[in-house]
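**Q** My questions are about this predicted structure, shown below with the sequence.
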Amino acid sequence: MIARLLFSLLCLGLLPAAHAATQPAMAEVSVPMKAIKVGTHSYFVQGLPGAASSANQGFMSNAGFVVTSDGVVVFDALASPPLAQKLVQVIRKITSQPIKRVIVSHYHADHYYGLQVFKALGAEIWAHRAGEGTTRSKDAAERFAQRKEALFPWVDETTRLLEADRYLAGDEDFEMGGVHFNLRYVGPAHSREDMVMMVKEDNVLYSGDLVFLGRIPFVGDADSRAWIASLDKLIEMKPRVLVPGHGGLTKSPKTDLVFTRDYLQFLRSQLGKSARNLIPFEKAYQSIDWSKYRKLPAFNEANRANAYNQYLRLEMETGL
Ligand SMILES: [Zn+2]
């Protein structure tokens with residue numbers, strides 16, 4: 001605790017540092033990170049399982065990058081500046097092309113806290129405009145305080161919560177070095193500003209947190225109807241490979257997308273019926289046949305909370 005306080009004071013410039021460096025050295029992460037190639041131009045790094053903690057040093061989300069002959073496009077910036085710094089090293093092993101653009105899938109801490117590293121390298125940050133101002137919200141301040149505790153020294157007072165340089169009004173296509181990118185707005189689903197990125201030539205889709213593979217997703221009180229529509233949009237894009245925001249990739253995106261969509265539909269149809277018939281939640285939950293989902297990872301952690309939050313949402317939707 002004392003060490004931490006001293007470190008903070010040092011960073012704030014309140015204590016004289018030895019040879020008073022203007023910029024405190026950034027803490028480093030020791031967690032392993034390697035590039036996984038998923039297409040001719042497309043790569044990603046895969047975070048470790050579990051919530052952000054000192055054990056995984058915050059490396060629990062994925063980030064993608066696409067190498068073109070005219071620069072690199074990065075998809076998401078990981079959960080801290082040191083992790084982003086490590087990602088830059090990983091990219092540098094593959095190419096010396098400048099990192100020109102960072103696309104933020106959505107403004108959750110584990111996907112954007114590393115932005116300042118890319119910004120310092122001259123990259124332009126793009127996000128959907130529904131995320132504008134998120135970094136200045138009360139939620140963001142609370143999350144930042146929590147992360148400074150949980151992920152110190154990798155997240156600290158020198159971590160900056162950066163807004164995008166450019167907010168997109170909707171879908172956008174662009175080309176860089178002969179590679180074509182389709183950015184698609186698919187919110188509000190996991191967040192208001194969800195954006196996915198398709199790399200045309202590689203047929204690789206970076207989906208952010210819209211898709212959770214091989215496990216029960218955390219749905220919470222998300223707008224499940226809109227989420228279902230977004231998943232339908234992804235299914236229509238017919239990707240060859242899908243890289244989610246957490247966990248491993250899938251080479252059978254359709255099956256996985258359909259699975260998540262069907263789970264959301266199952267929640268809605270089962271709980272909607274109960275809400276309309278004024279069956280109390282507990283009774284409704286007990287009477288639903290969950291056998292199709294019970295054996296999947298995160299069922300115990302997520303299913304009941306998903307069901308409860310969706311029950312409340314459906315009550316609201318049916319005007320009860
Ligand atoms: Zn998220």
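**A** On my side now, so go ahead.
**Q** Wait, a helix at residue 127?
**A** No: applying DSSP: H, G, I helix; E, B strand; the rest coil, one finds residue 127 to be strand, outside a helix.
**Q** which residue packs closest to the residue in the stretch 1-150 of the chain positioned nearest to the ion, ignoring adjacent ones?
**A** Of all residues in the stretch 1-150 of the chain, residue 108 sits closest to the ion, at 3.5 Å by C-beta to the ion. The way it works is simple: take the backbone N, C-alpha and C, and place the C-beta from them, glycine included. Distances taken as C-beta to C-beta, 6 or more residues apart in numbering put residue 191 closest to residue 108, at 6.5 Å, once the chain neighbours are dropped.
**Q** what sits against that neighbour?
**A** Contact partners of residue 191, counting by C-beta atoms under 8 Å, 6 or more residues apart in numbering, are 106, 107, 108, 131, 209.
**Q** picking that back up, count of residues packed around the residue of the stretch 1-150 of the chain closest to the ion?
**A** Using other C-beta atoms under 10 Å, residue 108 has 22 other residues around it.
**Q** what does the one 4 residues further on give?
**A** Using other C-beta under 10 Å as the criterion, residue 112 is surrounded by 29 other residues.
**Q** That one contacts residue 77, correct?
**A** Yes: assessed by C-beta atoms under 8 Å, residue 112 is found in contact with residue 77 at 5.3 Å.
**Q** Common neighbours of those two, please.
**A** Common neighbours of residue 112 and residue 77, counting by C-beta under 8 Å, 6+ apart, are residue 104.
**Q** And the closest residue to residue 45 other than its chain neighbours, what's its pLDDT?
**A** Nearest residue to residue 45 in three dimensions, chain neighbours excluded: residue 33, at 5.1 Å (C-beta to C-beta, 6+ apart). Note on residue 33: pLDDT of 98.
**Q** which ones are touching residue 33?
**A** By C-beta under 8 Å, 6+ apart, the neighbours of residue 33 are 45, 59, 83, 86, 87, 90.
**Q** Was I right to think the first one contacts residue 90?
**A** Right, residue 45. Yes: between residue 45 and residue 90 there is a contact under C-beta under 8 Å: 6.1 Å.
**Q** neighbour-wise, which of the two wins?
**A** Neighbour comparison, residue 45 and residue 90: the larger count goes to residue 45, with 22 against 16 (by other C-beta under 10 Å).
**Q** circling back to that earlier point, which two in the contacts of residue 191 are spaced the farthest apart?
**A** 131 and 209 (13.0 Å; C-beta to C-beta).
**Q** so what sits against both of these two?
**A** With C-beta under 8 Å, 6+ apart as the test, residue 131 and residue 209 both reach 106, 191.
**Q** And residue 206, how close does it get to residue 194?
**A** Per C-beta to C-beta, to the nearest Å, residue 206 is found 12 Å from residue 194.
**Q** Between those two, which contacts overlap?
**A** Contacts common to residue 206 and residue 194, judged by C-beta under 8 Å, 6+ apart, are residue 105.
**Q** Neighbour count for these two, which is higher?
**A** Shown here are residue 206 and residue 194; by other C-beta under 10 Å, residue 206 has more neighbours (31 against 25).
**Q** Return the per-residue confidence for the residue lying closest to residue 257 once chain neighbours are set aside.
**A** Leaving aside its chain neighbours, residue 257 sits nearest to residue 235 (5.0 Å; criterion: C-beta to C-beta, 6+ apart). Residue 235 is assigned 96 on the pLDDT scale.
**Q** Does residue 235 touch residue 254 like I think?
**A** Yes: Residue 235 is within contact range of residue 254, at 6.2 Å (criterion: C-beta under 8 Å).
**Q** Residue 301: neighbour count?
**A** 12.
**Q** Show me what counts as buried in the helix or strand hosting it.
**A** Element membership of residue 301, judged by DSSP states H and E, is helix 299-317. For helix 299-317, the neighbour count (16 or more other C-beta atoms under 10 Å) marks 302, 303, 306, 307, 308, 309, 310, 311, 313, 314, 315, 317 as buried.
**Q** How about the fifth one, nearest residue that isn't a chain neighbour?
**A** This means residue 308. Distances taken as C-beta to C-beta, 6+ apart place residue 281 nearest to residue 308, at 6.1 Å, with adjacent residues excluded.
**Q** Right, I'll leave it there.
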